[in-house]
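Engineer: sequence unknown, structure follows:
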């Protein structure tokens with residue numbers, strides 16, 4: 001009898017454990033997997049740009065591709081098509097943070113005025129600098145000239161970057177919509193203003209007035225001298 005009771009008691013404990021594990025597995029299957037906490041969204045980049053770095057509306061050869069982690073692969077900036085020797089301009093007003101060579105390439109970096117602490121910082125490469133560190137630059141001011149290809153692009157290009165501290169951002173967000181999407185200039189019609197009269201019509205009317213002028217009709221014809 002004692003043996004039977006021990007067997008029954010052990011069987012009951014085993015059954016209870018089995019039911020507990022089954023219930024826990026069922027609850028876990030229906031629950032969403034835990035997720036890592038996410039950082040709050042960064043504030044939007046102020047659209048303070050007043051000029052493209054090169055040209056007026058250059059071709060974007062490669063857009064910004066943010067890396068999934070600080071050390072992962074990605075494209076930390078945009079590549080703009082431009083010929084070697086093209087003037088490179090500051091997108092917005094600021095102070096030159098760096099002007100020199102890094103790993104054999106010319107680099108110019110500008111801290112943008114009024115963008116907080118730390119300030120936003122734009123970078124341009126490969127560029128032969130025409131400014132020095134600490135110089136104040138205005139939007140659209142030339143900071144260097146584009147150097148021959150450095151191997152970053154298949155064709156000559158400017159690599160333009162934007163940073164907030166050590167975080168890379170999309171530099172195109174600095175440009176306001178009117179500059180980012182500006183197309184060719186177009187002549188629009190002016191309403192309420194009469195169109196100018198053709199020149200030949202004005203000339204004919206002036207000629208008629210001259211032929212019908214009463215002054216001319218009243219003047220006697222010159223008499224021959226005796």
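Structural biologist: The structure has been received and is ready for your questions. As the structure is a prediction and not an experimental result, all values here were calculated from the model.
Engineer: how about the spatially closest residue to residue 130 that is not a sequence neighbour, what does it touch?
Structural biologist: In space, not counting the residues next to it along the chain, residue 130 is nearest to residue 144; the distance is 5.0 Å by CB to CB, 6 or more residues apart in numbering. All C-beta atoms are positioned from the backbone trio N, CA, C, and that covers glycine. Residue 144 makes contact with 87, 88, 99, 106, 108, 124, 127, 128, 129, 130, 131 under the criterion CB atoms under 8 Å, 6 or more residues apart in numbering.
Engineer: Now flag whichever of those is closest to residue 59.
Structural biologist: When the contacts of residue 144 are compared for distance to residue 59 (CB to CB), residue 88 wins out at 15.8 Å.
Engineer: Tell me what the closest one is bridged to.
Structural biologist: Residue 88 has these beta-bridge partners by DSSP bridges: residue 144.
Engineer: same check, this time on residue 125
Structural biologist: In this entry, residue 125 is beta-bridged to residue 159, by DSSP bridges.
Engineer: could you list every residue that touches the residue nearest to residue 132 when sequence neighbours are not counted?
Structural biologist: For residue 132, the nearest residue in space outside its immediate sequence neighbours is residue 99; the separation is 5.8 Å by CB to CB, 6+ apart. Applying CB under 8 Å, 6+ apart to residue 99 gives the contacts 107, 108, 109, 129, 131, 132, 133, 135, 143, 144.
Engineer: And residue 179, its phi and psi?
Structural biologist: According to degrees, to the nearest 10, the main-chain angles of residue 179 amount to phi -90, psi -40.
Engineer: I'd assumed residue 56 was in contact with it.
Structural biologist: No. Contact status for residue 179 versus residue 56: not in contact, 9.2 Å apart, counting by CB atoms under 8 Å.
Engineer: Looking at the two now, which is surrounded by more residues?
Structural biologist: More neighbours surround residue 179 than the other of residue 179 and residue 56, with 16 against 9 (other CB atoms under 10 Å).
Engineer: Now do the buried residues in stretch 58-71.
Structural biologist: Residues 58, 61, 64 are the ones in stretch 58-71 that count as buried (16 or more other CB atoms under 10 Å).
Engineer: What's the end-to-end length of it?
Structural biologist: Taking CA to CA, to the nearest Å as the measure, stretch 58-71 stretches 29 Å from start to finish.
Engineer: Checking my notes, the residue nearest to residue 132 in a helix, right?
Structural biologist: No. Inclusion of residue 99 in a helix is not indicated when DSSP: H, G, I helix; E, B strand; the rest coil is applied; the result is strand.
Engineer: dump the residue contacts of the nearest residue in space to residue 66 that is not next to it in sequence.
Structural biologist: Ranked by CB to CB, 6+ apart and with sequence neighbours excluded, the top spatial neighbour of residue 66 is residue 74, at 5.8 Å. Residues near residue 74 by CB under 8 Å, 6+ apart: 65, 66, 67, 68.
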